[in-house]
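Trainee: Sequence plus the predicted model coming up.
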Amino acid sequence: MSGRGLASKTTWEVASIVYASLAAVLLLGAVVLCIVSARPAQALPSYARQTGQQCAACHNGFPELTPYGRQFKLNGYTWTGGTSNLPPIAAMAIPTFTNVRKGVDGGLVPGFGYNNDFAFAGSLFYGGKIFDGLGTFAQVTYDNVPNRIHWDNIDLRYATPSELFGSEAVFGVSANNNPTVNDVWNSTPAWGYPYLASELAPSPGAMTLIEGTFAQQVAGLNPYIYWNRLVYAEVGGYGTLSPRTNTTLGIEAEGTSAFQGIAPSWRLAIEPAWGRNSWEFGTFGLATNLIPQRMTGMGTDHLTDVGFDTQYEFLGARDSFSVQARFITENQNLGASQALGLSRNSHNNLRTWRVKGTYYYDQTIGATAGYFNVNGSGDPLLYGPISAVDSPNSNGWSLELNYIPFNYGGPDFWPWLNVKFGLQYVHYNKFNGATSNYDGAGRNAGDNNTLFAYAWFAF
């Protein structure tokens, strides 16, 4: 950009560019640091190897975090205690099988069959301490559904323990690429249930911005404080990456919208604990001036997501139980979209809520039941392409069974190996606005009921 072009921008726009650029540099720098730091003299093994702890210390049926796991993350992934000299590199491999009650003509997705399809995803990640105070979770994934390699969730954070008002405190900052991926409770979107879902099955066409719409398409900075192991507060912001940057990083973002400047975000949570119990309740959100489909000239839309969440965990010696729930309301001022012919209404709203409960026996055998609901304003231009009744409304429930044989240690040849076997069933009461003939071509909500099986290897 020329000096003249930069000078023509407002102070706020310049600050936004600087903020987004700094966040992007920090995120890309995380990948570089992970590579150059992977030496025995400076690096420690990935989480279980680094801390010397079993998987069950950090996870209540991974990826759900325990209080110890939340503390480990908030302290920058830097706690130690293990004796391994291996670098903090890990891998995941996830083969899956999808059956939909009624197959889809032309294939579930391009390149796959009418029904009963297998798929595979695999990841490499650097997870752990880089140096004192600085650690990361940095993931690169190959996914054979879109058949591409892409950067995945990144959380580079610096944290320092301190004291405030006579009680312990942790001050930190996270540079990340997905709103709520830095959160430590499994009631917010990035790490919320379902932890795995089929990429091949049809899924509801409407979701709020903060529920993954811009995952891996943004760069953000989130300073935070965690006080007295009770109160967590965070403010920050996100800027969208350019189409060229998205392409370079393997993200397919053609036709997606962009933030104008920085989108502020926030998080506040309180988590009292007693005995083997903990209970969190809080709020989170994201607000943005949005350039619809990056089409300039008609101003911007303004969207605000406000979420409320809660989580309860009981972690007994043999039995564990957890409940997570969240409600998100999104207010949409769609002046630009209306002018561009993308929305009939100038104002819409969208609301989503989820709740699930999980029981584990001996951190080995688990069962989960959940309910989900999406509802909002009808809009023929916004939802007409997915709904014969121009509606975003969907709801249903899910059941899942899990078996995790190595949560307390893997086989002798690789004691850090873990695997989670899952069998999940998703039932739709309503899909994209209707129970029957929601697409105008005779397909019913129940036709999308999905049986999904997977094996989630981590090693």
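Mentor: Received it, and whenever you're ready, just let me know what you need. Remember, predicted model here, so these are calculated numbers, not experimental data.
Trainee: how far does stretch 436-446 stretch from start to finish?
Mentor: According to CA to CA, to the nearest Å, stretch 436-446 extends 8 Å from its N-terminal end residue to its C-terminal end residue.
Trainee: give me the low-pLDDT residue ranges for the chain?
Mentor: The chain contains residues with pLDDT under 70 at 1-46.
Trainee: need the longest strand for it.
Mentor: strand 148-164 (DSSP state E).
Trainee: buried stuff in that one?
Mentor: Using 16 or more other CB atoms under 10 Å as the test for burial, strand 148-164 gives 150-159. C-beta here means a position set from N, CA and C on the backbone, and glycine is covered the same way.
Trainee: Can you convert those residues into a markdown table and add a column each for distance to residue 301?
Mentor: Conversion of the buried residues of strand 148-164 to a markdown table gives the following (distance: CB to CB, whole Å):
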| residue | distance to residue 301 |
| --- | --- |
| 150 | 27 |
| 151 | 27 |
| 152 | 28 |
| 153 | 26 |
| 154 | 27 |
| 155 | 28 |
| 156 | 30 |
| 157 | 31 |
| 158 | 34 |
| 159 | 35 |
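Trainee: which among those gets closest to residue 174?
Mentor: Distances from residue 174 to those, taken as CB to CB, are shortest for residue 157 (4.3 Å).
Trainee: how about the buried residues of strand 148-164, which pair is most distant?
Mentor: When CB to CB is used, the two most widely separated members of these are 150 and 159, lying 27.4 Å apart.
Trainee: hang on, the earlier thing: next one: the longest strand of the chain to chain centre, how far?
Mentor: On the basis of CA atoms, centre = their mean, to the nearest Å, strand 148-164 is displaced by 13 Å from the centre of the chain it belongs to.
Trainee: who touches whichever helix or strand comes after it?
Mentor: Where DSSP states H and E defines the elements, the next helix or strand beyond strand 148-164 is strand 167-176. Outside of strand 167-176, the residues that reach it under the criterion CB atoms under 8 Å, 6 or more residues apart in numbering are 23, 26-27, 30, 74-76, 153-163, 182, 219-229, 236.
Trainee: give me that answer again for 6 Å
Mentor: Residues outside strand 167-176 that contact it (CB atoms under 6 Å, 6 or more residues apart in numbering): 23, 26-27, 74-75, 154-163, 182, 220-228.
Trainee: can you check stretch 330-340 too?
Mentor: Residues outside stretch 330-340 that contact it (CB under 6 Å, 6+ apart) are 208, 292, 295, 298-305, 343, 346-350.
Trainee: now for it, what's the gap between its first and last residues?
Mentor: Terminal residues of stretch 330-340 are spaced 21 Å apart (CA to CA).
Trainee: Any buried residues in it, and which?
Mentor: By neighbour count with 16+ other CB under 10 Å, stretch 330-340 contains the buried residues 330, 332-340.
Trainee: ok, residue 74 touching residue 226?
Mentor: Yes. In terms of CB atoms under 6 Å, residue 74 counts as a neighbour of residue 226; the distance is 5.1 Å.
Trainee: So for the two, which sits in the more crowded spot?
Mentor: Between residue 74 and residue 226, residue 226 has the larger neighbour count (other CB atoms under 10 Å), namely 24 against 21.
Trainee: Then the more buried one would be within a strand, right?
Mentor: Yes. Going by DSSP: H, G, I helix; E, B strand; the rest coil, the assignment for residue 226 places it inside a strand.
Trainee: From residue 306, how far out is it?
Mentor: When CB to CB, to the nearest Å is the yardstick, residue 226 and residue 306 sit 22 Å from each other.
Trainee: go on, residue 151?
Mentor: The spacing between residue 151 and residue 306, counted by CB to CB, is 29 Å.
Trainee: same question, residue 248
Mentor: Relative to residue 306, residue 248 is positioned 33 Å away (CB to CB).
Trainee: Burial check on residue 274, number of neighbours?
Mentor: Neighbour count for residue 274, taken as other CB under 10 Å: 7.
Trainee: distance of it from residue 325?
Mentor: Plainly put, residue 274 is 20 Å away from residue 325 if you go by CB to CB.
Trainee: And for residue 170?
Mentor: Shown here: residue 170 relative to residue 325, a distance of 26 Å by CB to CB.
Trainee: With residue 363 instead?
Mentor: From residue 363 over to residue 325 the distance is 23 Å, taken as CB to CB.
Trainee: just residue 101 next, same as before
Mentor: Distance from residue 101 to residue 325, by CB to CB: 27 Å.
Trainee: When the two are compared, which one has more neighbours?
Mentor: Each of residue 101 and residue 325 had its neighbours counted (other CB under 10 Å), and the higher figure belongs to residue 325 (19 against 15).
Trainee: The more buried one: which element?
Mentor: Counting by DSSP H and E, the secondary-structure element that holds residue 325 is strand 319-333.
Trainee: Show the subsequent helix or strand relative to that strand.
Mentor: Along the chain past strand 319-333, the next helix or strand (assigned with DSSP H and E) turns out to be helix 335-339.
Trainee: Out of the buried residues of strand 148-164, flag the one nearest to residue 83.
Mentor: Here the nearest of the buried residues of strand 148-164 to residue 83, counting by CB to CB, is residue 159; it sits at 23.7 Å.
Trainee: Residue 75 is in contact with that closest one, correct?
Mentor: Yes. Taking CB under 6 Å as the definition, residue 159 is a contact partner of residue 75 at 5.1 Å.
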